[in-house]
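Engineer: this one's structure only:
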């Protein structure tokens, strides 16, 4: 019985420690890095291409109305000819 209780306590402590470690991990996104925004991604201030992460496009459109292009960056109907 002692071994079973010790194993249960050890498992609980491991789960709590793992949960705490995961809670400290985060992903940040700075909209100030967006140079030109499109529906499929954006160019940063150094003209490097980035795909939007989950929810970033919707958040960018909400936070910066009028500062994005509501089409794909390679859309031929909007001047892209590659």
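Structural biologist: In hand now; what should we look at? The structure displayed is predicted, hence computed values, not measured ones. Numbering: from 1, shown residues only.

Engineer: give me the number of residues near residue 41?
Structural biologist: Per other CB atoms under 10 Å, the neighbour tally for residue 41 reads 17. C-beta: built from backbone N, CA, C; applies to glycine.

Engineer: where in the chain is pLDDT low?
Structural biologist: 1-32, 79-82 (pLDDT under 70).

Engineer: now the strands for this structure?
Structural biologist: All strands of the chain, identified by DSSP state E, fall at 34-38, 41-44, 49-50.

Engineer: Please name whichever of the ones you listed is nearest to residue 67.
Structural biologist: strand 34-38 (6.6 Å; CB to CB).

Engineer: That closest one pairs with which strands, and in what direction?
Structural biologist: Sheet pairing of strand 34-38 (DSSP bridges) gives strand 41-44 (antiparallel).

Engineer: mind listing the helices for this protein?
Structural biologist: Applying DSSP state H to the chain gives helices spanning 2-23, 56-63.

Engineer: Now do the same contact list for residue 34.
Structural biologist: Contact partners of residue 34, counting by CB atoms under 8 Å, 6 or more residues apart in numbering, are 42, 43, 44, 60, 64.

Engineer: Would you mind measuring from it to residue 47?
Structural biologist: 12 Å (CB to CB, to the nearest Å).

Engineer: For residue 33, the count of nearby residues, please.
Structural biologist: For residue 33, the neighbour count with other CB under 10 Å is 13.

Engineer: Leaving out chain neighbours, which residue sits closest to it?
Structural biologist: Nearest residue to residue 33, sequence neighbours excluded (CB to CB, 6 or more residues apart in numbering): residue 44, at 4.8 Å.

Engineer: ok, that neighbour touching residue 37?
Structural biologist: No. Using CB atoms under 8 Å as the test, residue 44 is too far from residue 37 to be in contact (10.3 Å).
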